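# fold the following and give me the result.
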Amino acid sequence: MTKKNSTDKIPDIDVAKFVADNDTGGRSPGPVINRFLLGVALAWSLFQLWIASPLPFSTGILIFNDTETRAIHLGFAVFLAYMSYPAFKRSPSDRVPLTDWVFALVGTFCALYLFLFYRELATRPGQPTTTDIYTGLVGIVLLLEATRRVLGLPMVIVAMVFLGYTFGGPYMPDMIAHRGFSLARAMSHQWLTTEGVFGVALGVSSSFIFLFVLFGSLLDKAGAGNYFIKSAFALLGHMRGGPAKAAVLSSAATGIISGSSIANVVTTGTFTIPLMKRVGYRPDQAAAVEVSSSVNGQLMPPVMGAAAFLMVEYVGIPYIEVMKHAFLPAIISYIALLYIVHLEALKANMVGLPRRSTASAGSRLLSLAITVAGFVVLSGVVYWGIGWIKNVAGDAAVWIVGIGLLAAYVGLLWFGAKQPVLELDDPNAPVFELPETGPTVKSGLHYLLAVVVLIWCLMVEQMSPGLSAFWATLFMIFVMLTQKPISVAFRGHGNLGQAAKQGFYDLIDGLATGARNMIGIGVATAAAGIIVGTVSLTGIGLVMTELVELLSGGNLMVMLMLVAVISLILGMGLPTTANYIVVSTLMAPVVVELGAQSGLIVPLIAVHMFVFYFGLMADVTPPVGLASFAAAAIARCDPIKAGITAFFYSMRTAILPFLFIFNTQLLLIGLDGPLHLLVTVVSAVVAMLVFAAGTQGFFVVKSRWYESVALLLVAFTLFRPGFWWDMVYPPFNHVPASEISQMIVDAPQGAAKRLWMEGTTLEGKDVRKGVLLPLGAKGTARERLDSVGLSVMPQGKELLITQVRFKSRADKLGLEQGFRIVAGEVVADRPDKEWMFVLAIALLALIVFLQRRRADRDKVVPLASRPGKTV
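Prediction:
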């Protein structure tokens, strides 16, 4: 009798269909309707490109304000949601039922209501007619149904709970009760203003997110996704556990341009998971590695699952700052995952995949080094050369730079055409050999020029994210139309006309795919607007603060743990964008308010990153994590088991938020110079590697329990040296209120100062809280406070806040008129806390010594003489 394989119990799932059902609807209603929907998707992409371009304002044609743009954006999303996503699994997918046509048209009309009747609505603000109210009611019902089809029930349930809270306030327990609101008031607030559905979240979706998703779609259709995967395997596939390391690297690369965890899993996982299983990883391990690396792609700048653009609005800092703060945690998280899969490979004694070439390791390394060095030189020439050209040529520099970019593009295509064409191999083939490193990396260097254009526009030209994405997308459109004909010409074989036609078809497909990928984000941001609108209408945010304060008993760590768990629960089943909107709206104010009262004074971006990280962990966590289901379908394993393993691998991501809340240097905040930056980066990387070794129970050899504890202690000390140092040296000196004005004047440009406030809130609650108040350019105390929206006047020895400007930095920090600034704090003059690193490194060296000695002894002792071993 043969033993039945456990994988026989796993149902055979069509992965492509799974992704289509989740990301683009999976409906195929015949050639005529398919062409119609293709036209609608193209129209949406072209509309977004039009409003992002300078053309409307330079020509005076088709100029839309923000509210009108949001309405049209939602109209497209709702229409395509009903046309692309069947109502139920048993609903027909080969045609569009009449009811879906009706829902699509009525839902689109309700979404366009603010655009169609914008002038009439502007003449009667706060005085909705019966038509307005019923349009809003029908619109919300149809929006929630569209959300259910696209995203499933979790988002709908959360939105409906908040809507129920709006109307059921008088019937709630005393702690969360409110007076309740009428249907007219609720619908007016949610549908006819920019406080609810058509609020900031939908505005960011229409202004920024669409263009970045479109840019990523075009980059993928052009072949960059395949290039990233092949390059990752060429670089890492030969190492121990190579396919898993390549999966991490390729997921990081595709995560940069992807806004979907599921799409990221399937794009890379279809190729990487079978190869991971081939070299010895268990199916659940292979799936978990792919899930962990793909979900981490949502942490990777510049897109961060589209949450980066929302942070710009919610935190009130430039987009470049968001990218800077997010960069180091994302990088060290990926490095740790690479180390985890390496440790798993060591424990199982795995090997890498065979290479296709017989070239020596030295020649392969030299080829790679020359390629990388060449691109680094090219990047340096582009960066500093263009800066010099701008200084010399002025306005004419754009033409010179354009010609230079075109020359670099053609040159890299010529360089790439000398290499073999990148074909995606079959990972299930009986014999699989790795591609050669040099030719693979060289073949697609021109794709990186699109990223260069994006980063240049953002960082050097300092354009808005939307305009930067527009120019990068325009460059990608040019690439898609020209790369195949030019490559055919350089290769000297192939049909030039056919190549040009294929490039045009790829462009149309990329534009349509980008729009389809936005359906979920469009309806998610609109549905999340219901939650934001409920918070602003009812004040539930203050209730959440009081609830967490009650449950935590005022303990700071318990409060952070509660916020983490609630963020994890709120994020279950939600896409990244909606996830961040929900957790930041509800939980970020809790951390800011209760943390400030407990002495936890951190920049607002650290708080938002904290809740974002934990909300994102819900993509991994069973029983809802869709990314785990997608990976398990490819690996043919139990999705719950895959999710649990992935959560274990993702522990390194879960500890990061706690660490950068207490040590904001991990977000590159408060660094004193290049040396401090270097120390911070190196210590963070080493700490994360040590943490991974401690949690895996394996370092040089299998760790004993006390060695694992010691490794975790080393990691903690490297991550947060101030925890021990603060016990010896107080970190701050007290500054009396009478000296605060001078302290503000003396602060360096762009500095942030710790100030303590006392006062009574609008709800009548007495509070004492600390804030980290950012200060702008040098000036008088009055000027510097005014730059953050704060007006004060002396009142005895204190400063009385007389005005807080609406939506200013001071307002976002929770300051209110009537509060008093009673004290300040300045950093104490004490030895650097980094001296704790010496003790941590000494303990780490001791562990390495003990484990190396044990490893050497195991090599010497014959196998037969070891306890418990038989030959």
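
# show me the chain divided up by domain.
Following automatic domain parsing, the chain resolves into domains at 674-719+832-871, 733-827.

# would CSV of those with mean neighbour count be doable?
(C-beta placed from N, C-alpha, C; glycine too.) Output for the domains of the chain, formatted as CSV (neighbours: other C-beta atoms under 10 Å):
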stretch, mean neighbour count
domain 674-719+832-871, 16
domain 733-827, 16
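
# turn those domains into a markdown table, including distance to F79.
Below are the domains of the chain laid out as a markdown table (distance: least, C-beta to C-beta, whole Å):
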| stretch | distance to F79 |
| --- | --- |
| domain 674-719+832-871 | 45 |
| domain 733-827 | 32 |
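
# of all the ones you listed, which lies closest to S598?
domain 733-827 (8.9 Å; C-beta to C-beta).

# ok, H734 touching E825?
Yes - the criterion here is C-beta atoms under 8 Å, and H734 meets it with E825 at 6.4 Å.

# quick revisit: L214 is nearest to which of the domains of the chain?
Closest approach to L214 among the domains of the chain is made by domain 733-827 (29.0 Å; C-beta to C-beta).

# could you pull up the mean pLDDT of the closest one?
Averaging pLDDT along domain 733-827 gives 82.

# any stretches of the stretch 451-600 of the chain with poor pLDDT?
Applying pLDDT under 70 to the stretch 451-600 of the chain flags the ranges 459-460, 572-573.

# hmm, try it at 80
Applying pLDDT under 80 to the stretch 451-600 of the chain flags the ranges 451-452, 454-465, 492-494, 539, 541-546, 549, 553-556, 568-579, 592-593, 595-600.

# and the stretch 101-250 of the chain, by the same measure?
In the stretch 101-250 of the chain (pLDDT under 80), the answer is 125-126, 174-175, 208, 225-226, 228-250.

# mind doing that once more with 50?
Of all residues in the stretch 101-250 of the chain, none has pLDDT under 50.

# so where do the helices sit in it?
118-122, 130-151, 153-167, 183-191, 200-204, 210-222, 224-236, 242-257 (DSSP state H, counting those that start in this stretch).

# so which of the domains of the chain is nearest L62?
Going by C-beta to C-beta, the one of the domains of the chain nearest L62 is domain 733-827, 28.9 Å.

# out of the domains of the chain, nearest to P31?
Nearest of these (C-beta to C-beta): domain 733-827, 49.8 Å.

# count of residues packed around S207?
S207 has 23 neighbours, counted by other C-beta atoms under 10 Å.

# can you tell me the closest non-neighbouring residue to it?
G466 (5.0 Å; C-beta to C-beta, 6 or more residues apart in numbering).

# show me the contacts for that neighbour.
52, 207-208, 211 (C-beta atoms under 8 Å, 6 or more residues apart in numbering).

# ok, these vs G673, which is closest?
F208 (32.6 Å).

# if I look at that closest one, how far off is V535?
To V535, F208 is 22 Å away according to C-beta to C-beta, to the nearest Å.

# neighbour count winner among those two?
F208 (25 against 20).

# mind checking the longest helix of this structure?
helix 496-538 (DSSP state H).

# quickly find the element holding the residue nearest to S207.
Under the criterion of DSSP states H and E, G466 resides in helix 465-491.

# mind checking how far that helix is from the chain centre?
Helix 465-491 sits 25 Å away from the centroid of its parent chain (C-alpha atoms, centre = their mean, to the nearest Å).

# the inter-axis angle of that helix versus helix 496-538?
160 degrees (axes from the mean of the first three to the mean of the last three C-alpha atoms, to 10 degrees).

# for helix 465-491, which positions count as buried?
465-477, 479-480, 482-488 (16 or more other C-beta atoms under 10 Å).

# mean confidence score for the helix or strand hosting V401?
If you go by DSSP H and E, V401 is part of helix 397-417. The average pLDDT within helix 397-417 is 82.

# tell me which residues of it are tucked away?
For helix 397-417, by 16+ other C-beta under 10 Å, it's 397, 401, 404-405, 408-409, 412-413, 415-417.

# and those as TSV, adding distance to V32?
TSV is the format used below for these (distance: C-beta to C-beta, whole Å):
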residue	distance to V32
A397	49
V401	45
G404	46
L405	41
A408	44
Y409	39
L412	41
L413	38
F415	44
G416	40
A417	40
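
# what separation do you get for the closest residue to G510 other than its chain neighbours and T473?
With sequence-adjacent residues excluded and distances taken as C-beta to C-beta, 6+ apart, G510 is closest to K221, at 3.7 Å. Going from K221 to T473 by C-beta to C-beta gives 12 Å.

# and of the domains of the chain, who's closest to T545?
domain 733-827 (9.8 Å).

# ok so G770 is a helix residue?
No - G770: not assigned to a helix; according to DSSP: H, G, I helix; E, B strand; the rest coil it is strand.

# identify the residues contacting it.
596, 599, 601, 754-757, 825.

# cool, L496 as well?
Here L496 is in contact with 485, 488-489 (criterion: C-beta under 8 Å, 6+ apart).

# nearest to L338, of the helices of the stretch 101-250 of the chain?
Here helix 242-257 is closest among those (C-beta to C-beta), at 5.3 Å.

# and the angle from that closest one to helix 210-222?
Using the same axes, to 10 degrees: helix 242-257 against helix 210-222 is 140 degrees.

# how far out from the middle of the chain is helix 242-257?
For helix 242-257 - counting by C-alpha atoms, centre = their mean - the centre lies 15 Å from the chain centre.

# tell me the contacts of Y319?
Contacts of Y319 by C-beta under 8 Å, 6+ apart are 308-309, 312, 458, 464-465.

# count the residues that sit near the closest residue in space to S250 that isn't next to it in sequence.
Of all residues not flanking S250 in the chain, A232 sits nearest, at 3.8 Å (C-beta to C-beta, 6+ apart). Residue neighbour count, defined by other C-beta under 10 Å, stands at 26 for A232.

# verify the stated contact: A232 with A244.
No - counting by C-beta under 8 Å, A232 does not reach A244; the two are 10.9 Å apart.

# what are the ranges of the strands in the stretch 701-850 of the chain?
732-736, 752-760, 766-774, 790-795, 798-804, 820-827 (DSSP state E, counting those that start in this stretch).

# what lines up beside the third one in the sheet?
Paired neighbours of strand 766-774 in the sheet (DSSP bridges): strand 752-760 (antiparallel).

# and the nearest residue to E739 once chain neighbours are set aside, what does it touch?
In space, and not counting its chain neighbours, E739 is closest to G824: 7.5 Å by C-beta to C-beta, 6+ apart. G824 is in contact with 734-737, 739-740, 743, 753-756, counting by C-beta under 8 Å, 6+ apart.
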